[in-house]
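S.K.: Below are the sequence and a predicted model; questions follow.
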Amino acid sequence: MPTSRLITLHGQPIADGKVPLICTPLVGRTLDNILAELAVVCPKRPDVLEWRVDFFKQIADTASVIAAAKAIKNVSGNLPLLFTRRSSIEGGEQIALTEAQVLALYQSVCESKAIDLIDYELANDTVHIARVREAAQAHGIALVLSSHDFTGTPSFETLVAKFQSAEQLGADVAKVAVMPRNLDDVLTLLAATLAASQKLRIPLIAMSMGPLGAVTRMVGGVFGSSLTFAVGAAASAPGQMPIEDLNNVLAALQKALGGKA
């Protein structure tokens, strides 16, 4: 899948350069819930874990958040961990924190070095994005700048511009997720991903959500998406497939494209 750039940590590609990487979300409300998820997820061998901390009941307790992140790393055998507070505006859970408190949490979690990648929305104030970028860079953490549209699919030009904006704002990885209303929207997302992957220097993550968009989770790597999401225990977004099914599809696709699988 030659158009996809590798996502790296400390100069080394994740999972020896596998494309696309498979990321599985953790959405437990408590640490016990998360540990139970890990018991199901880890044997399925994802390449990356995403902790959706907006689901975590103790999100307002920074010490508990850091302790949970360290526990995830310990139990998972140090799988790369993507730390995400998804804004409620972009499909996340409602939380009691102000954005200033979220920024302080991000700063502390970066300082703890208990995570490997951190996600922040592209729609946030550029001053806030700069603060997250500086915290991530200071502690060797990869920054994913993301955009999510649960209402529809913007134009080809708008999607390409979102990827470009993420790179211009200092992202290590640019992510765009949209909701298709028809198959034309799915093609628009794939075409924009391919075009952006040919222009930009950073890796991209791209998907259409929901049942119509499920195909993009399977073939996105062909069009330049470096990572896809799959369900290990519970989904974090509509259209995510079980990791076992996705692994089978990706293996068959890689074989058909002349790979080693």
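M.R.: Cool, got the structure. Numbering: from 1, shown residues only.

S.K.: Which helix runs longest in this protein?
M.R.: In the chain, ranked by residue count with DSSP state H as the criterion, the top helix is helix 183-199.

S.K.: Now do it: which elements does it pack against?
M.R.: helix 156-168, strand 173-178, strand 204-208, helix 210-219 (3 or more Cβ pairs under 8 Å, 6 or more residues apart in numbering; DSSP states H and E). C-beta coordinates here come from the backbone N, C-alpha and C atoms, glycine included.

S.K.: Nearest to T30, out of these?
M.R.: T30 lies closest to strand 173-178 among those, at 26.6 Å (Cβ to Cβ).

S.K.: got a list of contacts for that closest one?
M.R.: 7, 117, 119, 122, 142-149, 152-154, 159, 162-163, 166-167, 185, 189, 192-193, 196, 200, 202-209, 213, 226-227, 237 (Cβ atoms under 8 Å, 6 or more residues apart in numbering).

S.K.: Among those residues, the buried ones, what's the PyMOL command?
M.R.: The buried residues among these can be selected in PyMOL (16 or more other Cβ atoms under 10 Å) with this line:
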select buried, resi 7+117+119+122+142+143+144+145+146+147+148+149+153+154+159+162+163+166+167+185+189+192+193+196+200+202+203+204+205+206+207+208+209+213+226+227+237
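
S.K.: List the residues that contact T228.
M.R.: By Cβ under 8 Å, 6+ apart, the neighbours of T228 are 20-23, 205, 207, 217-218, 220-221, 246.

S.K.: Just to be sure, it is in a strand?
M.R.: Yes: the assignment for T228 is a strand, going by DSSP: H, G, I helix; E, B strand; the rest coil.

S.K.: ok, so what distance separates it from S4?
M.R.: 10 Å (Cβ to Cβ, to the nearest Å).

S.K.: again with A214
M.R.: For A214 relative to S4 (Cβ to Cβ), the value is 19 Å.

S.K.: go on, V249?
M.R.: For V249, the distance to S4 (Cβ to Cβ) stands at 16 Å.

S.K.: Give the residue from the two that has the larger number of neighbours.
M.R.: Between V249 and S4, counted using other Cβ atoms under 10 Å, the more crowded position is S4 (22 against 14).

S.K.: so which helix or strand takes in that one?
M.R.: Assigning secondary structure by DSSP states H and E places S4 outside every helix and strand.

S.K.: How about the contacts made by it?
M.R.: By Cβ under 8 Å, 6+ apart, the contact list for S4 reads 19-20, 197, 203-204, 221, 224-226.

S.K.: thinking again about what came up before, any chance of the contacts of T228 in JSON lines, with pLDDT and distance to T126 too?
M.R.: Converted to JSON lines, the contacts of T228 look like this (pLDDT from 0 to 100; distance: Cβ to Cβ, whole Å):
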{"residue": "P20", "pLDDT": "95", "distance to T126": "29"}
{"residue": "L21", "pLDDT": "96", "distance to T126": "28"}
{"residue": "I22", "pLDDT": "96", "distance to T126": "32"}
{"residue": "C23", "pLDDT": "96", "distance to T126": "26"}
{"residue": "I205", "pLDDT": "98", "distance to T126": "21"}
{"residue": "M207", "pLDDT": "96", "distance to T126": "25"}
{"residue": "R217", "pLDDT": "92", "distance to T126": "30"}
{"residue": "M218", "pLDDT": "92", "distance to T126": "34"}
{"residue": "G220", "pLDDT": "95", "distance to T126": "28"}
{"residue": "G221", "pLDDT": "94", "distance to T126": "30"}
{"residue": "L246", "pLDDT": "90", "distance to T126": "35"}
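
S.K.: who does the helix or strand of the chain with the lowest mean pLDDT touch, helix- and strand-wise?
M.R.: Across the helices and strands of the chain, the lowest-confidence element by mean pLDDT, DSSP states H and E is strand 241-242, at a mean of 84. Contacts defined by 3+ Cβ pairs under 8 Å, 6+ apart place strand 241-242 against helix 210-219, strand 227-231.
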